[in-house]
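Undergrad: I'll drop the sequence and a predicted model, then ask my questions.
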Amino acid sequence: MASLTPPVSIRHGVRCVTANGVNVEEVLLAVGQEIGYENISSASRMNKAVVVFLKEENHVNHLISSGIVVSGDFVTVLPLVAPTIKVTVSNVPPFIQSNEIERELLRYAQADEAVGPVKDPENVQSVEEEEDEPQGAEEAIVVLYPDDSSPEAVEFRRKVKSLLHLAARTLAHLDIPFWLSSGTCLGWFRQCSIISYSRDVDIGIFIVDFRSDIVAAFRDAGLSLKHKFGKVEDSLELSFLSDDVKLDVFFFYEDGDVVWNGGTQAKSGRKFKYVFPRFSLCWAELLELKVRVPCETLDYVKANYGASWSVPVRSWDWKTSPSNVQENGVWPLAEWVELIQVY
């Protein structure tokens, strides 16, 4: 029988307290140089620190002893495990409120969590002590959707961050609002990060905010136009390239109680449309950048990726895989030169 790899626990984690402006990718590169990239399991930014989970506990002790150097500065590495005691109180009369119990406990020690009801008191002893208690649900997020810590993935996230910041500056100069769309929105919503195997950046813009100088502005910013499909009146889509990473700009059209964006297959002229329920925009953060996302994010993501949106899928066909894709005719052959431009 094949042996199973022990699951990553809180004891496998370290906390790197970095200076402002240091990103997750820089920390991963420094950690990898110290203990080897193959020994990194996952990483995520939590509050003002970067938390890294390692495959072996002995690497935790190594990093705590050695620290890491990021951009020439020494960074202290701390363990995630902190000795704690969890006290469970059972058989409490119903007329005694939880806040009264908490007030009494606070007389003797600092409580890390609010006092709450015991779900299964029959299986709980009067007092139980647990050391090394995981702190909150953040660990579960990292374990469910671990960032790919390979050098290629780290480099891809660096390029995406640079491209996204550049796009935001360019569109802000044009006074064009945009939001995270498609796979980029899914990555932000599902795992608070970029999906490393998506290989591109997706943003949405309402067609009413279109400006004729948008292509020139992106070119002036150093991006090259990869393709232009459709027209302002129907299914406009722009795609730019920067450092081998593609920026897809989808324009959205309002139609009654829905909105949609178009897609075009260059070789056949076939048209597609992707239909979403109407949504408003809210502010969020991704890769240290303030960005807009659909406020009704779950509805938006489920429309595009279906009920199984939470399950990562590496094989994706933009013409058939989305839950909201519809056939939308074919561009007239006589208009292909104008409406299907590939560079």
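TA: Ah, there it is. Numbers count the residues shown, from 1 in each chain.
Undergrad: any weak-confidence spans in the stretch 101-250 of the chain?
TA: Within the stretch 101-250 of the chain, the stretches with pLDDT under 70 are 101-145, 147.
Undergrad: For Lys246, which non-adjacent residue is spatially closest?
TA: Asp200 (4.1 Å; CB to CB, 6 or more residues apart in numbering). (Glycine included, C-beta is placed from N, CA and C.)
Undergrad: Over to Lys161?
TA: Per CB to CB, 6+ apart, closest to Lys161 is Leu287, 4.2 Å.
Undergrad: I would like the residues contacting the helix or strand harbouring Arg190, please.
TA: Using DSSP states H and E, the element containing Arg190 is helix 182-191. Contacts with helix 182-191, where a contact means CB atoms under 8 Å, 6 or more residues apart in numbering, come from 141, 144-145, 147, 179-180, 193-195, 198, 200-204, 248, 250, 284, 286, 293-294, 297-298, 300-301, 304-305, 309-310.
Undergrad: one more time with 6 Å, if that's ok
TA: Around helix 182-191, the neighbours that count as contacts under CB atoms under 6 Å, 6 or more residues apart in numbering are 145, 180, 193-195, 198, 201-202, 286, 297, 301.
Undergrad: Stretch 39-58 now?
TA: With contacts defined as CB under 6 Å, 6+ apart, stretch 39-58 is touched by 8, 11-18, 24, 27-28, 31, 59-60, 138, 142, 146-147, 149.
Undergrad: Recalculate using a threshold of 7 Å.
TA: Here stretch 39-58 makes contact (CB atoms under 7 Å, 6 or more residues apart in numbering) with 8, 11-18, 24, 27-28, 31-32, 59-60, 80, 138, 142, 146-147, 149, 192.
Undergrad: what about that stretch, start to end distance?
TA: 10 Å (CA to CA, to the nearest Å).
Undergrad: For this structure, just list every one of the helices.
TA: Applying DSSP state H to the chain gives helices spanning 24-35, 57-66, 98-105, 138-144, 151-173, 182-191, 214-220, 297-305, 336-339.
Undergrad: so which of those helices gets nearest Glu237?
TA: Glu237 lies closest to helix 336-339 among those, at 10.4 Å (CB to CB).
Undergrad: Quick one: list the elements packing against that closest one.
TA: Helices and strands touching helix 336-339, by 3 or more CB pairs under 7 Å, 6 or more residues apart in numbering; DSSP states H and E, are strand 224-231.
Undergrad: Identify each buried residue in the strand it packs on, please.
TA: For strand 224-231, a neighbour-count test (16 or more other CB atoms under 10 Å) marks 225-230 as buried.
Undergrad: Dump those into JSON lines; add distance to Asp257 as well.
TA: Putting the buried residues of strand 224-231 into JSON lines (distance: CB to CB, whole Å) gives the following:
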{"residue": "Leu225", "distance to Asp257": "34"}
{"residue": "Lys226", "distance to Asp257": "33"}
{"residue": "His227", "distance to Asp257": "31"}
{"residue": "Lys228", "distance to Asp257": "29"}
{"residue": "Phe229", "distance to Asp257": "26"}
{"residue": "Gly230", "distance to Asp257": "23"}
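Undergrad: closest to Phe276 among those residues?
TA: Proximity of the buried residues of strand 224-231 to Phe276 (CB to CB) peaks at Gly230, which lies at 17.4 Å.
Undergrad: so that closest one touches Thr264, yeah?
TA: Yes - counting by CB atoms under 7 Å, Gly230 does reach Thr264; the two are 6.0 Å apart.
Undergrad: show me what contacts His12?
TA: Residues near His12 by CB under 7 Å, 6+ apart: 41, 53-54, 57, 60.
Undergrad: The closest residue in space to Thr170 that isn't next to it in sequence and Phe240: what is the separation?
TA: Leaving aside its chain neighbours, Thr170 sits nearest to Ala221 (4.8 Å; criterion: CB to CB, 6+ apart). Relative to Phe240, Ala221 is positioned 9 Å away (CB to CB, to the nearest Å).
Undergrad: neighbour-wise, which of the two wins?
TA: Taking neighbours as other CB atoms under 10 Å, Ala221 and Phe240 compare with Phe240 leading, 27 against 15.
Undergrad: which residues pair with the more buried one across the strands?
TA: Legend: beta-bridge partners of Phe240 under DSSP bridges are Leu225, Leu247.
Undergrad: how close does it sit to Trp318?
TA: Taking CB to CB as the measure, Phe240 falls 17 Å from Trp318.
Undergrad: Kindly report the same for Glu338.
TA: For Glu338, the distance to Trp318 equals 23 Å [CB to CB].
Undergrad: Kind regards, and thank you for your time.
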